Structures are given as C-alpha cells and as structure tokens.
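[1] This is the structure alone, sequence omitted:
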C-alpha cells in the first residue's frame, strides 16, 4: 500500500510550511490545536502514544482511577485535524542549522519548531530514584501503586513488630500540591479503603509522613491556605514535618533534619528538572534546566523555535517566574500556535505572552481542598466541589469525563478504591 | 502492634483445623467461599493480589477494558469472611509428609489442602514465548496490547511497503475460544477503532490470521457452530487457516503448514500446561501436567489434599476429560469446600463430583457469538446478548459489573476502544 498523501499534494511539491511539535502534553496539544486551520503540515512527535492528564495521576498511584481514565491516544485526539500527523518516536537532538529534528537515524525538517517536552523529577544530584520514585508517567503511577499496596501485604506477612512498623511507614518528600495530594489520598486509602481487609495488621496504624524542607507546605499558596491544608492533613492522620530537608534516602529509610524514619516506601514529589530541550538547542538554561524564552516564547539567536511549558522559563509582569503548571503550558502552547499561524499567513503576530492566572488548586481529601484565586480564597467542601468540576471539565474526551465522574461518585459513596492492583513483573 | 488473633483464640490453642487454599482464581475462591461458615482456620495464598476474570482478559489485550475492570483484590473479596486470611506469597513446594505448604523459607501447616493453581500457556518444548506471548495474566494482556498498538505505530513510521505489510500482519496461534475471541476483537480494533487515526497507513488493511492445527476452529463445539464462527470471522476480514500446524516462530514471522507469514506480532492461544501442583505432590500427571484426581477431587495416596480446576484431570460420566474452563474450576472448588466442611464437622461427605454443564461459549464480535447448550445451540445476536449478560452476572463486584457494562455500551455506540495505551518500560 502506498502512503497516503495528505490533502492530495505530494510530499515534495507541498508548498505548506512544516511545523513540528515535540511533546503531546498540555502545551504540545494546545499548540497543535491552535494550528488546526493553518495552511501548514503539522507533525506532533511524542515518545508516549498517549496524552496524560497529569493533575490526576496521583489518583492512579493511590488506586482511585485506572490509567486509561486519564489518558487518551494523541493520534486519536488529533484524528480529525487533517493537517496533523502524529509520530510515536523519541527525539534525540535538534539540528538548528539544517532545521531538522533528529529521531535516532531519521530526521524531520521543520520550518517552525515547538518544544513542549516537559520535565522529569530531579534528585539534586543524588542517586535516590530507585528508592524514591517520582510521579510523572503512567509507569511511575502503577509502580508507586504497587509499592504502596505491597508494603501493606508485606506488613501482613511480617514476622516481627519492627518490620511491621517499618513497612507501615510511608514517606512523601515535598510539600507542594503533588505531595499534599498524595499524602491525603494515601491516608484515606489506609484509614478507609484498606481498613477491613487485613488480619494481622491494622492498616489504620500506617503512618503517612509528609516532609517539606521549607517552613510551610503549599509554599506557592497564601499562608492561610497552607495552614488550612496542614490542619486538614493532620485530621487525616498525616504526620506533616516542615523544615525537614532530606539528607539521605536508601533501601532502609529516609533521614530528614537529622532523624531517620525507617521505611521501604518513599515517594518523591520534591523537585523537577526540565527535559533536555536546552541541551538540544545549545540555549541558555536556568538552574532547573529550563530554556530562557522571550515574550514571544522564542529563543534568542535561534529563529523559528519556540519553547513552552515546564521546559521554558519566563517571568510574569511582576518579575516572578511562571509556575510549572498545566495552565501555563496550555496557554503558552495556544500562544505559540497562534504566533506561527500569523507568521505563516503573513499577518502581524500576537503580542507577547501573558499568563491569565487560573488560580492555584490543591485537593487534600474527601470534601477538602484549597483554591487560591488571588483575592478570592476557598477551602473545604466548596473548594473541593469546584476542584472536581474543573478537573472533569478539563479532562480530554467524553468517555474519560464520565468514567472519572462515576469512579469518584462510587468512591464517595462506598469509601472504596477500585484499582487495588499490584502489577508489573516483580522480582 | 501485636498481631490480631481471629475469633479471640490464640494461634497455639485454636482447635480449629487449618485449611490452606493455593490459588485465588475461580476454583480457589469457590473453595474459600464454600468454607465461609466452617469451623476452620482458612488461609488463601496467591502470588497475585487479585482475582482475575480471565474470560474477559482478551478485551484488556484489545484495548476494550481496563485491567481493574476485571480484577479485584482477593483480600477484599474475602474481607467479610472472618475465618479467612489472605497471603500474597509464592508457593515453592508442598511437604505432604509434614503437611506443610512451603513458601520459600517459610512454612504453613495444613490439615486440608486445596491446590487450585491453574495453568500457564505451553509451547510444546519450543522457545517461542518471547516472540509469541500467551494470555493468562494482566501483564500478559497489557504486553499484548502494547505489541499490537506498537505494530500499527511502527507501520505508520515504516520506510517501505514490505516493512509496512509485515507490521500489519497479526497472527494468532490456536483456534479455540481464546483465539477466536482475540481474532474477532483485533479485527474490530483495526477495521473500526483505529480506522481514522493514521495518515500513512490504512489500519483496515491489517491482516489478522488465525492458525488452527486441526480441521476446524472451536473444535469443542458442534460442527455447525464452528462453521458459523468461521463465516463470522471471515466477514470481519479474519484470514482463518485450518490444518495449519505451526512449525516455527521467530522475530521475523511464523511458518505454518510450510508457508511463512512475515509478522512481528504473534499471539499464542494454542496450548496450556498445568502449574507444578503435580510436581509438588509427586503425583501422577497426564501429558498436560494435570494431576489425576478421584471423584472426591482427592489424590491417590496423599490424604487430605484436593486438586481442582485446570491443575486437575477428571473424566465426566462419558469418559471424556472435563474441559479447562472457569465453570469446572468453580464447581470443583465449591465441591472441595463442601467436602472439607463435611469432614471437619464429622458429617458424611457429598458424593463424587459431577459437572453441571453450563454450555460452551465464545463471542466473535459485535452482535455475534456461539453458545452450545447441548440440544440448544444459539448463534448471532441472541447468543451475543446472552453471552454479555452471563459475563456481567459472573463478574465479581458491583463496581466491575457497572464499569464493564458501561464500557461495552460506549464501545457499542461509538465503535471506539477507550484503553489504547502503550505502557511498560520498553527498550
């Protein structure tokens, strides 16, 4: 079968400029969609076949949702966008001189390039990844789910009280939104969903420890909301320790602020580092590996290349760097797409990117969340309902919206978690 | 925290006999449930934490269902059964002299033992497992799902027509119910769910080949139903080849009946071999590794040990061996449980096991199935609706029943598959 030729033009004579978007996350998808009606040949490259709704990934890790509930194939999302081709492949370099994206032994030319490659967790130079996995991919989430559930299984089988105690300690490093959400969800898992299923241990005796190096959790939120979150976590039985910088992580436990916590289950939510977009471009990066971008999201000295989302560093009007959240990535993706569309059509490009703040959100547990809209601050049930509605609205695909809504309803009514599977080939 | 002691008795003085059930599949669970009111200390051991509804596993492999939709934690299923303890562990041997089950360096004593350890796929001495995975566990299913979806992705990226053709060939070895169901579901995946999502290939051009060594598919069914199934598969575009014994499987393809089919995606549904229960007991086994059991499901010369389900070989009244299906395992498990209950209470045990035939079932695709109740034979829409209703009814757990029903409804209305994820760390 000969390859289909999009739009009836052959590859060689197609006069439309080529746009390559690397990454199918919030930023890359928004860029692709903003180019839906542009006279361009668009290629979206990702090494995963699916877009992942990362804000709910912690619920996969805590057995509340299935991976497929928060993921959708990128090529399916873009299947009706006639100018878009999706490639499952890994970018290994960018040749800015020849304007080509390098995928191993293969190259794709570009006229415009959008790098939306995100970030991975980062251990500040330590070798802690094996002992303390982070939460960025579906594989990360099912691995953490398996470790947490296995800890309870091993405690049930354990011969002595010291081993049981060590196995029932779960430590989360990092008191940002991900750490807070993980801690709350793990506490509810242990105290409610698992409570009646064991004979030799009481899962309610599990100790969930949240370590934060700074003086308070949710440092990006107003102090009043941080304090609310700390109280709400304490009510769930979470042991919140601030000013507790992690000094060591090994197979036997964690040392923080000079004290050792014996545990075999550590979850890393403390730091991320941008993907190697900066290295590909040979561009200036900040200490988190993010590429310094201009107001048009372009990179100084490298024409027609835009970097967005967690891979980019840009300041807001007040000089503060924009946070690494989905809303920034999505808005920047749309902006980069509109910018390229204008260039292609010979129209004036939009002005510099400005982030429309959609607030800071974090959920703690059942009927408990914090939302910071600047002047308006919400906590408790109202914040939680708003958080839920917003996340259902933002999920991609009708099926996933319905599936997540029904899972939440079922969990709310029964206190159960439906996805308590230990999977993956284990030693 | 000291271990809880069930029923207020301490371990040493508890006079109740110990029953150990190895395996949490259909057989093991039925045995455990039949002992719910028995004055015994029951331990269920499985190396997985979940019971798996294997009859629908092919739908996980073909992106129609999520793993958690057809699995539930064994300890949650048995959480209200006060006399039951569930252990996640691997049995390595059985010491029939000392009446102990060996779990690595640990031993559990038993007064009565039920081995419900099932079967794994079997390659008749060939080294074909890497190239042709079978379908027994969740990991098997997500691996097959990844391979099938990756084949389409690689075809989309392929440089030449020969590579594309090889990648778009999918071969299923074995024309029993699993092979037929996989072939039908893969054809529908390629021709419907994936149809519009690619640019360089047409997924409808994929060739699904079903190889059967014998003269007809569904050999356990009446000829009329085999013929119906073959016609229904042909209508879906499946290339059904009977009398096609597989001679070679390698990374480049399959050789069957002297002809090579170039492919990188082979699925094994041709043979199973019983788990090592026979070796553990030192008991007589048949050519499939199944332990020969008596009418009470006991093993000659080994008192108080029962073997059930796919691990056992028993003949029906007509001298034919009972098939390796869920219904046989479940009925045998219940029988073994009742038998042990009678022995424990000093009552007369039930008569020898008799299988109540619940029919032979296989679904082919949308609105198409075959059901053989002996005198009554059904095909088409009626058989398909009956098949669906029966499987929903048999699924364990309210959540899973509702989830599967909704997924089926959504797929029926949209022709889509919601679980098109490529996961697992790949090279």
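    Here it is on my side, so go on. Just so it is clear, the model here is predicted, and its values are computed rather than measured.
[2] Now do the helices in the stretch 1-150 of chain A.
    For the stretch 1-150 of chain A, the helices defined by DSSP state H, counting those that start in this stretch cover A:26-34, A:57-61, A:74-77, A:138-157.
[3] of all those, which lies closest to residue A:387?
    Set against residue A:387 and scored by CB to CB, the helices of the stretch 1-150 of chain A come closest in helix A:57-61, at 12.2 Å. Just so you know, the C-beta spots here come from the backbone N, C-alpha and C atoms, and that holds for glycine as well.
[4] At the contact with chain B, which residues of the stretch 201-350 of chain A appear?
    Those residues of the stretch 201-350 of chain A that sit near chain B, judged by CB under 8 Å from any CB of the partner chain, are A:201, A:202, A:205.
[5] Check the stretch 1-150 of chain A too.
    Taking CB under 8 Å from any CB as the criterion, the contact residues of the stretch 1-150 of chain A with chain B come out as A:1-4, A:6, A:48-50, A:66-69, A:71-73, A:75-76, A:79-80, A:85-89, A:138-139, A:142, A:149-150.
[6] Of all residues in chain A, which one is nearest the centre?
    Of all residues in chain A, the one closest to the mean position by CA atoms, centre = their mean is residue A:54, 3.8 Å from it.
[7] ok, now which ones touch residue A:117?
    Taking CB atoms under 8 Å, 6 or more residues apart in numbering or on different chains, we find residue A:117 in contact with A:22, A:23, A:91, A:274, A:275, A:276, A:277, A:311.
[8] how far away is it from residue A:418?
    In this structure, residue A:117 and residue A:418 are separated by 33 Å, where distance is defined by CB to CB, to the nearest Å.
[9] Ok, residue A:309 next?
    In this structure, residue A:309 and residue A:418 are separated by 32 Å, where distance is defined by CB to CB.
[10] and what of residue A:31?
    Spatial separation of residue A:31 from residue A:418 under the definition CB to CB is 35 Å.
[11] For the stretch 201-350 of chain A, which segments count as strands?
    In the stretch 201-350 of chain A, the segments counted as strands under DSSP state E, counting those that start in this stretch are A:207-211, A:239-241, A:246-250, A:253-256, A:259-262, A:265-268, A:272-274, A:291-292, A:298-299, A:302-307, A:312-313.
[12] Which one of residue A:309 and residue A:418 is surrounded by more residues?
    Under the criterion of other CB atoms under 10 Å in any protein chain shown, the comparison of residue A:309 against residue A:418 puts residue A:309 first, with 34 against 25.
[13] show me what contacts the more buried one?
    Residues near residue A:309 by CB under 8 Å, 6+ apart: A:23, A:25, A:26, A:27, A:28, A:116, A:118, A:324, A:328, A:329, A:332, A:333.
[14] mind listing what's buried in stretch A:156-174?
    For stretch A:156-174, a neighbour-count test (16 or more other CB atoms under 10 Å in any protein chain shown) marks A:156-158, A:164-174 as buried.
[15] mind giving me the domain ranges of chain A?
    A:17-47+A:89-121+A:272-345, A:138-270+A:366-414 (automatic domain parsing).
[16] anything in the helix or strand containing residue A:188 near chain B?
    Using DSSP states H and E, residue A:188 sits in helix A:177-188. No: with CB under 8 Å from any CB as the criterion, chain B is not reached by helix A:177-188; the gap is at least 15.7 Å.
[17] chain center to that helix, what's the gap?
    Distance, stretch centre to chain centre, for helix A:177-188: 15 Å (CA atoms, centre = their mean, to the nearest Å).
[18] what's the angle between it and helix A:138-157?
    Helix A:177-188 runs at 30 degrees relative to helix A:138-157, counting by axes from the mean of the first three to the mean of the last three CA atoms, to 10 degrees.
[19] ok, now how distant is the closest residue to residue A:218 other than its chain neighbours from residue A:216?
    The shortest distance from residue A:218 to any residue other than its chain neighbours is 4.6 Å, reached at residue A:226 (CB to CB, 6 or more residues apart in numbering or on different chains). Applying CB to CB, the value for residue A:226 to residue A:216 is 4 Å.
[20] For these two, work out which one has more neighbours and name it.
    Neighbour totals were compared for residue A:226 and residue A:216, and residue A:226 leads with 24 against 17 (other CB under 10 Å).
[21] I'd guess residue A:409 is in a helix, am I close?
    Yes: the assignment for residue A:409 by DSSP: H, G, I helix; E, B strand; the rest coil puts it in a helix.
[22] Need the pLDDT of it.
    Residue A:409 carries a pLDDT value of 95.
[23] That one: neighbour count?
    Around residue A:409 sit 10 other residues, with neighbours defined as other CB under 10 Å.
[24] separation between it and residue B:81?
    The span separating residue A:409 from residue B:81 equals 28 Å under the rule CB to CB.
[25] what do you get for residue A:163?
    Relative to residue B:81, residue A:163 is positioned 26 Å away (criterion: CB to CB).
[26] still on that earlier bit, show only the entries of the buried residues of stretch A:156-174 found in helices.
    Of the positions in those, A:156, A:157, A:164, A:165, A:166, A:167 sit in helices, assigned by DSSP state H.
[27] Not counting sequence-adjacent ones, nearest residue to the fifth one?
    The shortest distance from residue A:166 to any residue other than its chain neighbours is 4.2 Å, reached at residue A:262 (CB to CB, 6+ apart).
[28] Lovely, talk soon.
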